[in-house]
Each structure stands twice: as structure tokens, then as C-alpha cells.
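Novice: fold the following and give me the result.
(3 chains)
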Amino acid sequence: MGVGAAVALLGVLIGLYVAEWATSLPTPVAAVSAPASSGGTQLTLETVAAAGPKYSPSHPDWVSYLVRKDGKWLRSTIYTVPANSIVHVTIYQYDGDSGLRNPFLSQVQGTVGGTETVDGKTVNAINPEEASHTFVVPQLGVFVPLPGVAEEAKNQCEFAPCEGAAHRTISFSFKTGKKGRYRWQCFVPCAAGFIDGFGGPMQTMGYMDGYINVV
Amino acid sequence: MSAEAHPGTPEPNHARRFTTIWLIATVIATPLVILLLGPELPPGKASAEAAGQVTDNTVLLGMATPVLLLVLIYLAYAIIVFRQPKGAVLEGPAVRGDARLQTAWIVITSVLVLSLAAYGTVRLEEGNGAGSGNGPTPLTVPKGPKLPVQVIAQQWAFTYRYPTYGGVETTHLELPVNQMVELHITSIDVIHSFWAYQLGVKADANPGVDNVVFVKPTTEETFEVHCAELCGIWHGGMFDHGHVVSAGAFEAWIRQQEANFAPATKVLPPYAKTYSPEPTRRAE
Amino acid sequence: MSTTAAAATPQPVGRPLWRRLIGFNLLTAVILGVGGYYLGWFIGHQVDGKSFEFQAAIDENDVALLLAYFFGVVGFLIGLGFANYPISRLLGRPASLREKEQEGIGRYFGLCTDHKVVGIQYLIGIGVFFFVGGLNAMLIRTELLHSTPTLVGPNQYLSLVGMHGTMMMGMMTSGILGPFANYFVPIMIGARRMAFPRIEALTFWLLMAAGFILVSTIFFGGFPTGWTGYEPLNDQAVMGMDSYICFFALVGISMALLGLNMMATIITMRAPGLTWSRLPIFVWSVFATSVLMVLAAPMLIATLLMAALDRTINTSFFVAGGGGSSYLFENLFWFFGHPEVYILALPGFGIVLELLPVFTLAQMWDLTADEMGRNIHAHPTLSEAIKEAVEGIAGHMINL
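Specialist: Residues are numbered from 1 along each chain as shown, chains lettered A, B, ... in the order given. As a prediction, this is how the structure comes out:
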């Protein structure tokens, strides 16, 4: 009788653990309202070479995207944006370059004007060897390559949140349409130590992959 | 029903009864299956290869229907006719085997299977692979002009390169109607599979391998492209829509792509059957 | 139990529970297993060298996990008492066939060399892990109630699919042979035991350890490849992939030993006068399945070892960029995989053929049982031919 109860309790606990593991996803973060002059909403992201023990205790050396929320950086890759509107995205790129495997993705596609602004300069493509990450939403046709910090730059960032370290500022805008849940990913082989650079953080939600919830 | 239950009545010729029932059922069902069910079978008629697959599936169904009816009718016949009378427990007849019948069913089954194997092989090679991948050196190649299109599978999207149009790379696949297309499917990282089911095409994309598929789309329509080999977290998200358009619309589209993607085409590596981009093994 | 029987069996006088728990039993096995796990983990972290430099960047130590699993399983088996007989023989003690005889339900939770007990252990053990796999399937179906991702994250969904498939396939490899053949084959051939009773018990406990290892993959990030474990995605995956590799390796060892045991029993321990042509059809089908198991399982173990080497010391058996081939893994895996599906099917055929004559009260049609057996034995050779034909669909006519 007692053994049966203990086994049942163990089963319930295991079940709860598995359910919690199965449904765990990064916290969704909503884009904030942009200034009235540009309209739409604003999303501020950063990419870092290593998430660090504070943001990722189990994988401190994994590359990651972070999002700014209420003035603080949060490690989340699920972003909520309104439907049928324009979304302005600013990305602070703190990671060095890895180079694209498919140089085709070095051209900007799907943004407003088909361009992105890198450190103030508007470009429609970057040097594929300089790519550090990409922000790609295939279902919306948005392909944005992000150039990396030069190798010889001083004051490179070690761990997130990377305030004040060497970085590139990239901004672009894209339009959303219908409601839905769209996936986004990085296309640069930035997962150091993994085969083809596409393992680990490149295949785990909360680092280099996420959802755009258009509501 | 059986002679043991009604002593005095002659045992009906079960073999003849059964064969009659089976023949009638076959004659009714097989044409119905071939004529009504056949044309509805996947994958549809959007390309010559897909239509060929529908034909092959119909042939298979047509040959399978009599066999299925044989088994089901025999099962039903045995259950109904040879059922034990209520309350009795009678042993079956002491038949240990019938060499002719056993030989017959082994021979007939072998003939059926071997003929289907021969049929399938012939259809595969006369169809130049019938929509499946042939590897880098196909056994049979269709004659006439072929439009080469390279499908590059990567984690996690398909891109397409047109070597005869300056090696331009695009994110969507558009094909001209009624033109034989030679797809070269390759991958630059893990195993993917290019599956455009309306065109009847499914071929694995392996790293370092050029998989050749011949397909001739015959109707102008939108087809779906899915990845059919588990390749990681967004394997299910690797789907796309392709279009089969008229030759004129295709020319216009490809010119527009060449113009749109000129910056990207400049930095692309020269067109090759396979690619080995860095990092080739572990990323630094 | 009658009163006389109760009076006849002497109860252990005054032995408290904690004294009875000391010994080679499941509790000791679990404790030594956990100890072995940490020992392996520790050793894995001391291993270093140029080939392991990438581990610092990926924050994962596959060597540590694989060694942890290995030592954990070894500790588990030692705790159950499997090392007792080899060591006693090394020390010169006489040979014996059975472990200490026990009574009661405790036999089912430890090393027992009674083939009927092992059969029941298999039935319940495989049933438990089937239930786990079934729960995974229910989670998958719940997620699929909506066409867009709702409940389960994409990593976890992939892991669930892989865990479900792998658990089911791995457990079903011994699904009929384990419970039914272990129980019935000695009875059907008139033997008192299997040829190797301790190996029989070993195959069961290896399977249980394997099942536990597969379930533990969720602590290490799961694995994204599904049950076929194709390279190079296998190589790219995080540490949870090692659980898959370990699971299938242990299942493979269990299969090979089970098949070997069956073959030895059926060949050498038939009752006098029980010629091959008089063997029951179920025993024939078990024999054919055992041949397949012994042929296929070692290939799986070797393939998984190559995959583990790719993941740990950075070889490139299966990575095209380093000179390997992804087709190689496909081919090697399905060298096991196709016989596997016949391993699943053949025992079922044997069971049906046993049941039919009983319930139809008609004799089984066969020229002799020998002929039927020979027909069943065509399967192993045909299955290899079929596997090669199916491989052609992958679209390669390349010589490997």
C-alpha cells in the first residue's frame, strides 16, 4: 500500500517534470511603440559571442541573441509584434565575424527599401566573409545579414550584456501582415565547435532561433 | 452447411463456389478501382512524372485488388461456411497439405511479385527515374533540351540556382511549363530531401553529392516544396511554394531575379555540382 | 500457501529489514550505478588533448557522458550480482548453473536464472517502457491538435518524436523473443533451462538500463534526429544524442546475446528424439529471428561506435567535409534496420501459426515442419536483398 502510494507520487512528480521540460520556451517579449515620427513598433536586439554564466548557466559559451526590455537585456528569442504594421529593428552586434556558408544570404531582402543601415551607412548587401549573424524570417521573406566586429577591434565583448564594448549598430524595418507565429533563425555558422557551425545554439530556442508572434 | 452438419446431403464443391464468388467480385471491383479510384490517386497530374506515378499506382492497385478479394472472400467464406455447428466440437478434415495448391500459391505469388518488380524497373528507367533521385550519373537521360536548376538545401531553407542564367540564386522555384527540367539537388550541411509532391519529385539532398532528378511540369500551378528528411529544429519549417508558369512569364521572372539579386550573384562561388563551404567540419 | 507449507519454511529469525537489503540486489545496483555514473563523469573530465579542444566552445563533454553511462551500467550490473560468478570462477570455485535460489516476489526484482521468471520480468519491464513511449506519443498527438506550434517547443517536440520512436523500436526488438521465447522455448523443446541462464538474465537487465538511459536524455537537451539517428545531424547534436547512442548500443548487445542464447538452446538442448523436423513452429520462428538478431545487432553496435567517435574525438566517418559520407551511416544503420523489422515480424508469425491449428482444430498445412522452417529461414537472406533494393530509393548508385 505504502509502496504503491510512493510509486504513484514518484510518477506524478516525474510527469510534472517532463511536462515542464516539454513546454518550456523563452519568455515572449513585446516590441515597444516607436516614436510617432516613424510609426509602428521598435524592437531592440543584441547579438553576443557568449551568453555568459548570468544569462545561460548551462551553456555560458554559446552565442545568443538578447532583447531589450524595460531598459534591461533579457535572453529571449520570442518577440511579439502587431499585425499589418511596420516593425523597426535595431541590432547591436557584438560578435566577431564567421562568414556565411551560402554567400547568397549576404544580400538584404524583404525589408522596407530592401536595405539595412550599418553604423549609419545604408547598404543592400554586405561582404559575406564579414557576416556574423543573420536575422531571417523566411515566411515573411525577410533576410538581413549582420556584419561582425572586426578581428583587430579593441575592447571586444566577452560575456553578455556587453555594454560599452566594440559593436556594430544595424537597423532595418519590415512590414508584418496577417496574424500568426513565424519562425526566425540565424543562417551564419556561428555555433563554435559544432559540425558546420550549425549545432548547439543554432538549434536551440532562446539562442539563435525564435518565433515572431504577430498578433 | 458442411456435410457433417447435414448428413446425407452431398458436400458442395467448395472450390468451385469460392472461385465463382471470387471471379464475380473481381470482375466487378477491379474495373471500378481502376477507373474510379485510379485517377484520384496521388500525386496528381501536374507533371509527366507525377502522371506516370499515378499510372503505376493504378496498375499496382489493379493487380492487388484480386489478391485482396481472394484473401478477404476466403476468410469470410471459411468463417461462414465452415463454422462449427452450435455445441459441436468437430475436428477438421485430416488434410496435411496439398502439394499442388501450395506449389500453386508459391508460384503465382512469385510470378506476381517478379512481374511487378520487372514492371517497376522498366517504368523507373523509361521514366528517367520517375521523379526520384538518380545520383550523379543517371542510368537513362531524356533526350532533348533540359533546363538545369540546382536545388541547394541548407539548414533550414531551400535556395535554387539557375546555371544557364548566370548562376543566379533565388529563394523561390519557378519552372517553365512543358519543359524538361534537370534538377541537381545537393546539400551544404546535413541530409535534407527535396519533396515537391505535386510534381511527383522526391530526392534526398546529401552533403557532397549531386542528386539528379528529371521532371517535366505539364500544368501551370503552384506546388508545395517540403523538406522530407529530418534535418534539425526547423525541418518542418523548411517549406516553400514554387510555381510552374508559362515560358514567357518564366523568362520575365528570371530576368527580374537576375536584376534583383545582382549584388548576391557577384559574391557567389562559381556554379558547381556540389559545394563544400567553410566550415567543412567543426566551426572554429 | 497452506499452513503446513508455512510451518515447513523456516522464516529468517530476527533479521531486520535493513540487514536484508544488504546484498546483491536492485538497491545495491542502483547505488553502484549512480556511483559508476559519477566516476565516469569524473574520468571524462580528466581526459584532455588536442582532439578535445572544441569542447570548451560547445560547453558539452560527450566523453564524460558516454563514460558516465558506461560505468553506470557496469556498476548497475555489478550491483545486481552479475560479476559474482565470473569472479568466483576466477578464484577457483566450482562451476554452477544457478544463482542462489530464492522464493517469492523478490526474485522478479533482481538477478534470477529461472527462465520463466526472466520471461515475466521481460513482459513487465518492456510493458513499462512501452507505456513511457506511449505517453510520448500522447504528447505528440496533443501538440498536433493545432496546426501551429502551441504547447511544446520545437526542440522538445523533436526530442519527443525521437524518444517515442527509439523507445518503441528498441524495446520491441526483444518484444516477443524476450517474454515469450525465454518462457516457452525451453518448455517446448523439453529442456530444463536455457543454455546460458545468467546471460539470459543479463539481456533483460541491459534492456532495463538502456531504457532508463534513453529517458534520461531530457536532462541533456534531447536529440533531434528521430529514431534513425542519421549523420551528420547526429554529429551536430547536443549531449542528449549520446543517450540515444548508448541506448541502442545496449539494446544491440542485449539482442545479440539473446539471439545467441536462443540458438545455443535450440541447437543443443532439445529433448532426445526431438529432431529438427518435429520442432514446434514457434521454436522455428524464434530460431530464425535469433539468426537475424545475431547478424544485425553487432552492425548496429559498430555503427554507433563510429558515430560516438565522430562526436567525441572528432573523426569524420560520416562528415562529407572531412572525407566521410552520410550515405555510409544510412547504409550501415539499415543493415541493422531491415533485419530489425523482420525480427519484429517473424516471432509474431510463429505465434499465429501455433494458435491457428488449436482453434481451427485442423492440422497446419506443411509438407513437414522442416519445410515450414526452411521457408521461414529464407527470410534472413531475402531481408538483406530487400534492404539493398530499398536503399536505391535514396537516390544513389554510388559505390561506397
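
Novice: center of the chain, which residue is that?
Specialist: Looking at chain A here, since you left the chain open. Closest to where the C-alpha atoms of chain A average out (C-alpha atoms, centre = their mean) is residue A:65, at 3.7 Å.

Novice: ah, no, chain B please
Specialist: Mean-position check on chain B, C-alpha atoms, centre = their mean. Result residue B:53 at 6.0 Å.

Novice: next, the contact list for the nearest residue to that residue once chain neighbours are set aside, please.
Specialist: Once flanking residues are discounted, residue B:53 sits nearest to residue B:200: 4.9 Å by C-beta to C-beta, 6 or more residues apart in numbering or on different chains. To be clear about C-beta, it is placed using only N, CA and C from the backbone, and glycine gets the same treatment. Neighbouring residues of residue B:200 by C-beta atoms under 8 Å, 6 or more residues apart in numbering or on different chains: B:43-44, B:46-47, B:49-53, B:130-131, B:215.

Novice: report the central residue of chain C.
Specialist: Nearest to chain C centroid, counting by C-alpha atoms, centre = their mean: residue C:251, 2.6 Å.

Novice: surely that residue forms part of a helix?
Specialist: Yes. Assessed by DSSP: H, G, I helix; E, B strand; the rest coil, residue C:251 belongs to a helix.

Novice: can I get the CA coordinates of the helix or strand that contains residue A:184 in PDB?
Specialist: Element membership for residue A:184 (DSSP states H and E) is strand A:180-185. Extracted C-alpha coordinates of strand A:180-185, given in PDB (Å, rounded to 0.1, in the frame of the first residue of the first chain):
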ATOM      1  CA  GLY A 180       0.500  34.100 -37.000                       C
ATOM      2  CA  ARG A 181       3.500  32.600 -35.500                       C
ATOM      3  CA  TYR A 182       6.600  32.900 -37.700                       C
ATOM      4  CA  ARG A 183       9.900  31.300 -37.100                       C
ATOM      5  CA  TRP A 184      13.100  33.200 -37.400                       C
ATOM      6  CA  GLN A 185      16.700  31.900 -37.400                       C
END
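
Novice: distance between that strand and the chain's centre?
Specialist: Strand A:180-185 sits 12 Å away from the centroid of its parent chain (C-alpha atoms, centre = their mean, to the nearest Å).

Novice: who's in contact with the closest residue to chain A within the stretch 151-284 of chain B?
Specialist: Chain A sits closest to residue B:283 of the stretch 151-284 of chain B, with a gap of 3.2 Å, by C-beta to the nearest C-beta. Contacts for residue B:283 (C-beta under 8 Å, 6+ apart) come out as A:98, A:189-197.

Novice: pick out the most distant pair among these.
Specialist: Farthest pair in these (C-beta to C-beta) is A:98 and A:195. Separation: 14.1 Å.

Novice: comparing those two, which shows the higher neighbour count?
Specialist: Set residue A:98 next to residue A:195 and count neighbours by other C-beta atoms under 10 Å in any protein chain shown: residue A:195 wins out with 32 against 24.

Novice: what bridges to the more buried one?
Specialist: residue B:282 (DSSP bridges).

Novice: about what we covered before: so the residue nearest to the centre of chain B makes contact with residue B:43?
Specialist: Yes. Counting by C-beta atoms under 8 Å, residue B:53 does reach residue B:43; the two are 6.0 Å apart.

Novice: and the closest residue to chain A within the stretch 1-150 of chain B, helix, strand or coil?
Specialist: In the stretch 1-150 of chain B, the residue that lies nearest chain A is residue B:150 (11.7 Å; C-beta to the nearest C-beta). Following three-state DSSP, residue B:150 is assigned to strand.

Novice: and the pLDDT at it?
Specialist: Here, the pLDDT recorded for residue B:150 equals 96.

Novice: next one: residue B:9
Specialist: 69.

Novice: and what of residue C:377?
Specialist: 58.

Novice: domain parsing for chain B?
Specialist: B:14-84+B:100-126, B:147-267 (automatic domain parsing).

Novice: now do the same end-to-end measure for stretch A:198-212.
Specialist: The straight-line separation of the ends of stretch A:198-212 (C-alpha to C-alpha, to the nearest Å) is 21 Å.

Novice: nope, stretch B:267-278 is what I meant
Specialist: Stretch B:267-278: ends 15 Å apart by C-alpha to C-alpha.

Novice: and the contacts of residue B:200 as a markdown table, adding secondary structure and pLDDT?
Specialist: Formatted as a markdown table, these follow (DSSP: H, G, I helix; E, B strand; the rest coil; pLDDT from 0 to 100):
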| residue | secondary structure | pLDDT |
| --- | --- | --- |
| B:43 | coil | 82 |
| B:44 | coil | 80 |
| B:46 | coil | 89 |
| B:47 | strand | 91 |
| B:49 | helix | 91 |
| B:50 | helix | 91 |
| B:51 | helix | 91 |
| B:52 | helix | 91 |
| B:53 | helix | 92 |
| B:130 | coil | 87 |
| B:131 | coil | 87 |
| B:215 | strand | 94 |
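
Novice: what sits against the closest residue to residue C:350 other than its chain neighbours?
Specialist: In space, residue C:350 comes closest to residue C:285 once its chain neighbours are excluded; the distance is 2.7 Å by C-beta to C-beta, 6+ apart. Contact analysis of residue C:285 by C-beta under 8 Å, 6+ apart lists C:346-347, C:349-351, C:353, C:376.

Novice: what does the stretch 151-284 of chain B put close to chain A?
Specialist: B:152, B:154-157, B:159, B:169, B:171, B:188-190, B:232-234, B:237, B:240, B:261, B:263-264, B:267-269, B:277-284 (C-beta under 8 Å from any C-beta of the partner chain).
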